[in-house]
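Chemist: what's the 3D shape of this:
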Amino acid sequence: MKGFTSTATFICLLLGSLARAEQYQVVTEEWAPYNYLEDGQLTGMTTEIVQAIMQLTGDDFDVMLLPSMRSSHALNTQPKTIMYSMFRTAEREHLYKWVGPIVEESIHPYQLVNTLVPINTLEQLLRAPQITTRHAGLIPELLTSLGFRNLDKSATGNLQLYRMLLAGRTSIIIGDTAAGVAYYSRQLNIAPGTLRQIPIETYRSTLYIAFSRDCDDTLVDAWANALERLRHSGELEKIQQRYE
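Modeler: Okay, the predicted model is just below:
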């Protein structure tokens, strides 16, 4: 009887996981080193964490890498959708269900270390001729709300920010965490010491996994518990260290 009960329980868990797999989708966007394509494979710090969570919960949801802004649009408009990595802000708090935190990050502006006009204060940053950021997303929206009127939102991707800076098409860029700057510097073979982090923290928050409001609470709780298991086992820290 005991063996039958264990088998029945396993089948129920398996069927439940298969049913959820048909209902839920996971979306993300290109944002290294957290979620990005490498050699045609989706990888990154948060991607590995999400994969480890699903291994613990028994879920096998499809994960789609979407263009910037389309992932958040999917989260806002499509049922039973999960998105990573997302900053948890006061404005977003009531819109989603949350699992995390995964990692705390801050975002600074950058300029070339040999610049003739080093920026060190917020006042100088506000008066700078041009600050280049991506065309859409949290950071350009945040900078606009803070009163920046010198934004150039022409960059359509992360790598373009650094190429524009190196080519002299802009003198200041902003859009990535320190881990992201390190990743893109390696991608473009930018020598260490070429970029200067401007000592102005424009944003600090924690990255989370966001669930659309119609996602089942039992699923959200299962993911939260799995994340805590990864944290307590030390696996979460190991994954994070691989991307430092």
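Chemist: Below-threshold pLDDT in this protein: ranges please.
Modeler: 1-22 (pLDDT under 70).
Chemist: Nearest residue to the middle of it?
Modeler: S85 (3.2 Å; C-alpha atoms, centre = their mean).
Chemist: I figured that one hits E30, correct?
Modeler: No. Counting by C-beta atoms under 8 Å, S85 does not reach E30; the two are 11.3 Å apart. The C-beta positions use only the backbone N, C-alpha and C, and glycine is treated the same way.
Chemist: ok, what's across the strand from the residue nearest to V113 when sequence neighbours are not counted?
Modeler: Leaving out its chain neighbours, the residue that sits closest to V113 by C-beta to C-beta, 6 or more residues apart in numbering is R196, at 4.3 Å. Beta-bridge pairing for R196 (DSSP bridges): Q111.
Chemist: ok, R196 - contacts?
Modeler: 110-113, 115, 118 (C-beta atoms under 8 Å, 6 or more residues apart in numbering).
Chemist: what do you get for A182?
Modeler: By C-beta under 8 Å, 6+ apart, A182 lies in contact with 33, 244.
Chemist: Tabulate the CA atom coordinates of the helix or strand hosting it in CSV.
Modeler: With secondary structure defined by DSSP states H and E, A182 is part of helix 178-187. Taking C-alpha atoms only, helix 178-187 is exported to CSV below (Å, rounded to 0.1, in the frame of the first residue of the first chain):
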residue,chain,number,x,y,z
ALA,A,178,28.5,46.9,-13.1
ALA,A,179,28.2,43.2,-14.0
GLY,A,180,26.6,44.2,-17.3
VAL,A,181,29.4,46.7,-18.1
ALA,A,182,32.0,44.0,-17.4
TYR,A,183,30.2,41.5,-19.7
TYR,A,184,29.8,43.9,-22.6
SER,A,185,33.4,45.1,-22.2
ARG,A,186,34.6,41.5,-22.7
GLN,A,187,32.3,41.2,-25.7
